[in-house]
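> Provided below for reference: sequence and predicted model.
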Amino acid sequence: MADTIINIKQVWKEYGNQVVLEKLNLSVQTGEFVSIVGASGCGKTTLLNMLLGTESPSRGSILLDGEPMPTEPNATRGIVFQKYSAFPHLNALENVMLGGEFAASPFLGKVFFKQRKKLQEKALEMLVAVGLGDAATRFPNELSGGMQQRLAIAQALIKEPRILLLDEPFGALDPGIRKDMHQLIRELWKKRGLTVFMITHDLSEGFSLGSRVWVLDKPRIDPQQPERYGAQIVYDIALNTDQVIPKSLQSIINKTAQD
Amino acid sequence: MADTIINIKQVWKEYGNQVVLEKLNLSVQTGEFVSIVGASGCGKTTLLNMLLGTESPSRGSILLDGEPMPTEPNATRGIVFQKYSAFPHLNALENVMLGGEFAASPFLGKVFFKQRKKLQEKALEMLVAVGLGDAATRFPNELSGGMQQRLAIAQALIKEPRILLLDEPFGALDPGIRKDMHQLIRELWKKRGLTVFMITHDLSEGFSLGSRVWVLDKPRIDPQQPERYGAQIVYDIALNTDQVIPKSLQSIINKTAQD
Amino acid sequence: AETKSHFRLAWTIYAGWMPWDYGEASGIIKKWADKYDIDIEIVQINDYVESINQYTAGGFDATVMTNMDALTIPAASGVDSTAVIIGDFSNGNDAVILKGAGSLADIKGQNVNLVELSVSHYLLARALDTVSLKERDVRVVNTSDADLVAAFTTEDVTAVTTWNPLVSEIMAMPNTKKVFDSSMIPGEIIDLLVVNTETLADNPNLGKALTGAWYEIMQTMQGNDVKALKARTMMAEASGTDLAGYDAQLASTKMFFKAKDAVDFNNSKDLINTMSKVAEFSFEHGLLGQGAGDAKFIGIETPAGVYGNKDNIKLRFNPAYMQMAIDDKL
Amino acid sequence: MRLMNSKPSRSMRLALNLLPFVILLVIYTLASDARLLENPSDKLLPAWSSFYDAMQRMAFEPSKRTGEYLLWADSAASLQRLLLGVGISALIGLVVGVVNGMLPLIRATFSPLITAISLIPPMAILPILFIVFGLGELSKVMLIIIGICPILIRDLQLRTQTLPSEQLLKAQTLGANSWQIMIRVVLPQVLPPLLSAVRLTLGSAWLFLIAGEAIAATEGLGYRIFLIRRYLAMDVILPYVIWIAILAFVMDTLLRLLSKHAFPWYHGKRGSE
Amino acid sequence: MRLMNSKPSRSMRLALNLLPFVILLVIYTLASDARLLENPSDKLLPAWSSFYDAMQRMAFEPSKRTGEYLLWADSAASLQRLLLGVGISALIGLVVGVVNGMLPLIRATFSPLITAISLIPPMAILPILFIVFGLGELSKVMLIIIGICPILIRDLQLRTQTLPSEQLLKAQTLGANSWQIMIRVVLPQVLPPLLSAVRLTLGSAWLFLIAGEAIAATEGLGYRIFLIRRYLAMDVILPYVIWIAILAFVMDTLLRLLSKHAFPWYHGKRGSE
Ligand SMILES: Nc1ncnc2c1ncn2[C@@H]1O[C@H](COP(=O)(O)OP(=O)(O)OP(=O)(O)O)[C@@H](O)[C@H]1O
Ligand SMILES: Nc1ncnc2c1ncn2[C@@H]1O[C@H](COP(=O)(O)OP(=O)(O)OP(=O)(O)O)[C@@H](O)[C@H]1O
Ligand SMILES: [Mg+2]
Ligand SMILES: [Mg+2]
């Protein structure tokens, strides 16, 4: 439970002249739940993309289990986006089965007969686990926003990833529904020993779910050339005990979001 | 301050066989702030549309100042939707001037020279009032979600409507930004003696802003024919004094939203 | 080329060419092809110019066309071509038509709608000559043959030059006057069956089969017995008219029903004169290609002699196969 | 009430729908009568009875020459060419569009070429087409393909490129390779847009078909119209034009229903697209 | 690395862009040389020098017959027709589309008629067009209008109908009447889609222009191509075709830039549409 799964070493990320992330040094143990908060445009998604493998650091390196991070997404890291995470042309059950089908049938990406039965059973179990047992034959556009996110989570978890990446997974949901989703994700995290990284704009969400909170912000700003300095982790808060949210944090998150 | 501005008498609303609203009897005084909450699909927007004049009751009548409600939207009732309320092809200032231009120029809908100057000044004042003084020349797509809603409010208020209708005006905004918007709307309401109807999915928002809360729900349900009975106002809560939110309300709002 | 056994012939709708369609439908062509152990595919093409282009590009071994087009399209493109059969010449089938009462001289200053650079254009030039007008005295408007009839019903069209069956369609309208036709320049607009010279040299059987079939068709369709009437009715229907209409068109066509008449026409001195006029007209209009320094750039071989450049003969009037028909050697 | 807010009732709408057609028919009848009174053999605006006769002849009497029922033979020939041309184009459009859209290397190679081809009006290169593909069925089908394929390819490419990148990433985290993503994620999702694109290009396909048949054919709806155009036989041309419009309408409707039926997940929320 | 994730570098992409064009040029040169070796006066695949000569002649030497510089005279004539046709169509499309889209009563009356018209291939009714509009410039412009107007109208109508209803309601609460909403809210917002729609229909407009010029004209790019096809002068036809493609490309680019420049609010967030 206490191995280092992710190791971020001296990582910079630049797009052309623009420095987005600056000199990050972080390590994360297996089983941690890291909430990432920060102003809009400060580089949260960029950081997540590096963990996913779609972006690579300009300088420094990211290690996964001590090995360099693969440069492409693969089944070790599951992901749930704010939207579009489920495939609209497949019903809920088929969406969840898809991961298994890719593995079982390299050429067609589709399985039949007995093999299909087996995958279906496993997928249905997963759907029940996220509370979609009754909606197995519905298409995503027949599901409410909350149900779609449940589906996306089920789809990601069926591959038993070691790391789960969440980019504002509940940002489009109504407050009431969010509460239920929080409960679900907390349960799944605890039961499955996942390592979770979750971006959120809602401070209280980040604090109530996470076991650790990263606050991204630019500590230095050059008013003439705002692109010259990048964001860093200005707070790295372990949430082992109940803790009050520092007042100053809310203003960090709001500042760019309004502009 | 205590005249009856809206009088809803024995109003039913049906679409074909489906009864949406059932036997509503309500009256609202000038200057009230009515929050409307209820499950998704229960008929909140339908009720607001009847106040706007785009829908008319199937039975019963709605009186505005004792007269039958006009069957079309007009300048006495301003409205702000969740999105699309500002015109994307006009910058912020032009958006706010538009109402004045319609009144001043029946044929072109556009004014020039001195008249334009005057309208501009008035519009700029309004923009400053909603906190958009610096963004007058920006187009809506250059504004953040919160700024767009501020613009929509400014646009509606410039016509000095007696009634302001809000349909989930902050539903698409991040929690931090919502707080600022609440403050703005509370200020404007108090200063201008408006009568406000606001639909919201966020119970605490409804309770903290409103001077009165209507909870819409179906008191009776026929499981075979769910369309047989319509929604009614099951709670009509005056919020003169500080009040705790009844626990049962949250479940009313969530139930259909998840399905 | 080399010897081969499969050949393609293209034809388009015109009074003098309908027999090819009949020959195909009635089996006469197949009969003659079988006799020489070859195989001839007959293809109808809606657009006349396209059929000649296809021939020039090598898509067909034989195609029907007029003497002028044979010179300006295949020959001018360097494709050595031989006129194997002279089927007819236009004897009133092509005409200049004006709206209202008037004479040819009134055409001065008018728009004339016609298929530009075709025999119609040539006919107009010859017509203008007779009243001492020049081409620049009128304004030529290129108009597709398929739309000439519709065009004539509109007000801005006052003069056209065209061929049958369009002429008879237009003349059927009220208030029209034919002011010049090809019967006034007999023998100058000649309808040919043209075969690629090289293909013909390597496959004389193709020439024999086509000629044999043609004169059998000629014999069948001539006269007023049941068989002839049936044949001409079929031709009429294929060209979109009825027997009476088709016979009217034939009346202004000098068909060479007998091979002997065609050979005589072919061998006479008039042919070379006609071709010289056509060559001069074509040169003036730039139809002989950019390489042409004068009208005599391309050589035309006839039994009465060669017109133009003897070292660049690209169009040959060869009566050999028609002669075989006379001699019953087919 | 504002004009924009006044909606006709159901029956009123039906009446308004039919109104312009009725007016057109009345005008035609009056004009035709007037012309025929002046010149009974006028061919421009035939009487209704002439239409009836002409269609009777084309549809229900065998042609004396070939023994065929011309209208049906023409329709069969044209429809075969059209379906072949459109079908092959759709297939090419789907494959090339998806491959182009998904694979940046392939896109870089072929996208500019396809853009260049799409700029050339096929009508201008008709003569070249006939020379390259001959005058048989092939050249007519090719004209349709050359005319509509670039449009379909570019549309499908765009659709593929605008699929939410979230989906492609998600599929990769589910362990899929490029090929699996193509056939299980991208292809099924661009089928409904393919059907819409085909519906949009059907009009052009008819145009090219008619243009091709006008030049080289021995049967077909376009061939017949161009053949009898020489004689201004409006009694045949007009019914043929209307028949073509009906065929086009039926094909469009079939495609629409097919799409609705086969891809309910696509039409569910977006209304009757 | 998955094929879908491997992106070419800048220089690599440029090389790939050019590759198919280079291959085409090489193939052409080889084929042309081979044919010319066999028959030096072959006109089908002319040598590069012939193209140069032909263009020199068409563009920079006055014609012997008329004294005009043919390429420029043809281009001017064609462009004038095209611009007139497309411009008038855009105007009609805008007005009818917006009115149809906004006013249910008008829509009920004209929408089915426009649908019916859009189903008829304009090429099939050419004779009728000539008879009604004569053989002059009008009929060529009308052919373009009839060909593309229904498409533009339907597109603009759709755009108008899919404007968020929130906007129309909002405008009404600001005291606007139908006319004011039309000119201040709807019209300016459908101008950018109008430009995109015009760009999409430009291809068809060129088709109809060429078809019209092929049938009756005294100058124009389509006229020239169909005239000189009589003597198979590929040395003129091919450069003319490429010239048309260039003109089409330039017009498309100008419209794109115009839209970007004139309607920044439209292009802001949606990328380079
Ligand atoms: N592919 C890219 N090319 C260039 N710049 C980029 C790219 N991706 C992101 N950026 C820039 O990097 C910065 C950080 O972007 P990022 O999406 O990571 O922010 P974020 O914190 O996720 O914001 P939000 O809360 O709005 O999602 C932004 O300024 C953005 O413009
Ligand atoms: N024009 C209409 N025709 C038929 N049914 C309608 C129409 N408008 C609304 N309805 C129905 O009336 C019911 C109430 O709809 P309404 O939009 O008022 O709900 P709501 O409370 O605003 O929901 P939400 O919270 O999702 O906005 C729904 O069942 C809906 O399907
Ligand atoms: Mg982000
Ligand atoms: Mg609502």
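Alright, I've got the coordinates. Ligands and ions are numbered 1, 2, ... in the order given.
> Contact partners for the closest residue to chain C within the stretch 151-273 of chain D?
Closest contact between the stretch 151-273 of chain D and chain C, by Cβ to the nearest Cβ, is at residue D:215 (4.2 Å). C-beta: built from backbone N, CA, C; applies to glycine. Residues counted as contacts of residue D:215 (Cβ atoms under 8 Å, 6 or more residues apart in numbering or on different chains) are C:45-47, C:50, D:126, D:130.
> Give the burial count for the nearest residue to it once chain neighbours are set aside, as a bare number.
Nearest residue to residue D:215, sequence neighbours excluded (Cβ to Cβ, 6 or more residues apart in numbering or on different chains): residue C:47, at 4.2 Å. Residue C:47 has 22 neighbouring residues, counting by other Cβ atoms under 10 Å in any protein chain shown.
> Kindly report the same for residue D:52.
Residue D:52 is flanked by 13 other residues according to other Cβ under 10 Å.
> Just say helix, strand or coil for it.
Under DSSP: H, G, I helix; E, B strand; the rest coil, residue D:52 falls in the helix class.
> Could you pick out the residues of chain A near ligand 2 for me?
Taking Cβ under 6 Å from any ligand atom, no part of chain A reaches ligand 2.
> Smallest gap between chain A and chain C, at which residue?
residue A:107 (44.4 Å).
> Neighbours of that residue, how many?
Counted with other Cβ under 10 Å, the neighbours of residue A:107 add up to 8.
> ditto for the one 4 residues further on
Applying the criterion other Cβ under 10 Å, we find 19 residues in the vicinity of residue A:111.
> Now the residue of chain A found nearest ligand 2: closest residue in space that isn't a chain neighbour?
Using Cβ to the nearest ligand atom, the closest approach of chain A to ligand 2 is made by residue A:174 at 9.1 Å. Among residues not flanking residue A:174 along the chain, residue B:201 sits closest, at 4.7 Å (Cβ to Cβ, 6+ apart).
> Next: residue C:190.
residue C:67 (4.2 Å).
> of all the residues in the stretch 1-150 of chain A, which ones are close to chain D?
A:52, A:54, A:72-75, A:77-79, A:81, A:83-85, A:87-89, A:91, A:98-99, A:101-103, A:106-110, A:139-142 (Cβ under 8 Å from any Cβ of the partner chain).
> Which parts of the stretch 101-250 of chain D are strands?
Under the criterion DSSP state E, counting those that start in this stretch, the stretch 101-250 of chain D contains no strands.
> can you map out the helices along it?
For the stretch 101-250 of chain D, applying DSSP state H, counting those that start in this stretch gives helices covering D:104-119, D:126-133, D:137-161, D:165-173, D:178-180, D:187-215, D:221-229, D:234-262.
> how close does residue C:275 sit to chain A?
From residue C:275 across to chain A, the span is 70 Å (Cβ to the nearest Cβ, to the nearest Å).
> Nearest spatial neighbour of that residue, chain-adjacent residues omitted?
Nearest residue to residue C:275 in three dimensions, chain neighbours excluded: residue C:300, at 4.9 Å (Cβ to Cβ, 6+ apart).
> Am I right that the one you found falls within a strand?
Yes: Residue C:300: assigned to a strand according to three-state DSSP.
> neighbours of it, just the number please.
26.
> before we move on, what about residue D:26?
Counted with other Cβ under 10 Å, residues neighbouring residue D:26 total 10.
> element containing it?
helix D:10-38 (DSSP states H and E).
> Any part of that helix near chain C?
No: against chain C, helix D:10-38 shows no contacts by Cβ under 8 Å from any Cβ, the least distance being 9.1 Å.
> pLDDT weak spots in chain D?
D:64-65, D:269-273 (pLDDT under 70).
> Name the nearest residue to residue A:70, sequence neighbours excluded.
Per Cβ to Cβ, 6+ apart, closest to residue A:70 is residue A:53, 5.3 Å.
> OK, contacts around that neighbour?
Going by Cβ under 8 Å, 6+ apart, residue A:53 touches A:69-74, A:77.
> Reformat those into TSV and put pLDDT and neighbour count next to each item.
Output for the contacts of residue A:53, formatted as TSV (pLDDT from 0 to 100; neighbours: other Cβ atoms under 10 Å in any protein chain shown):
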residue	pLDDT	neighbour count
A:69	90	21
A:70	90	13
A:71	88	12
A:72	90	15
A:73	93	25
A:74	91	17
A:77	93	24
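> Chain D: which of those residues is nearest?
The closest of the contacts of residue A:53 to chain D turns out to be residue A:73 (Cβ to the nearest Cβ; 3.9 Å).
> Name the residues of the stretch 1-150 of chain C found near chain D, please.
Near chain D, when you scan the stretch 1-150 of chain C using Cβ under 8 Å from any Cβ, you find C:10, C:13, C:25, C:43-47, C:50, C:53-54, C:57, C:59, C:145-150.
> So which bits of the stretch 51-200 of chain A are right by chain C?
So the stretch 51-200 of chain A never meets chain C (Cβ under 8 Å from any Cβ).
> Can you pull the residues of chain D lying near chain A?
D:164, D:166-167, D:169-177, D:179-180, D:183-185, D:188-189, D:263-266, D:268-269.
> about what we covered before: ok now do the residue nearest to residue C:190, which residues does it touch?
With contacts defined as Cβ under 8 Å, 6+ apart, residue C:67 is in contact with C:83, C:189-190, C:192, C:274-275, C:278.
> ok, 10 Å please
When contacts are counted by Cβ atoms under 10 Å, 6 or more residues apart in numbering or on different chains, residue C:67 touches C:83, C:86, C:89, C:119, C:122, C:187-192, C:194, C:271, C:274-275, C:278, C:300, C:315, C:317.
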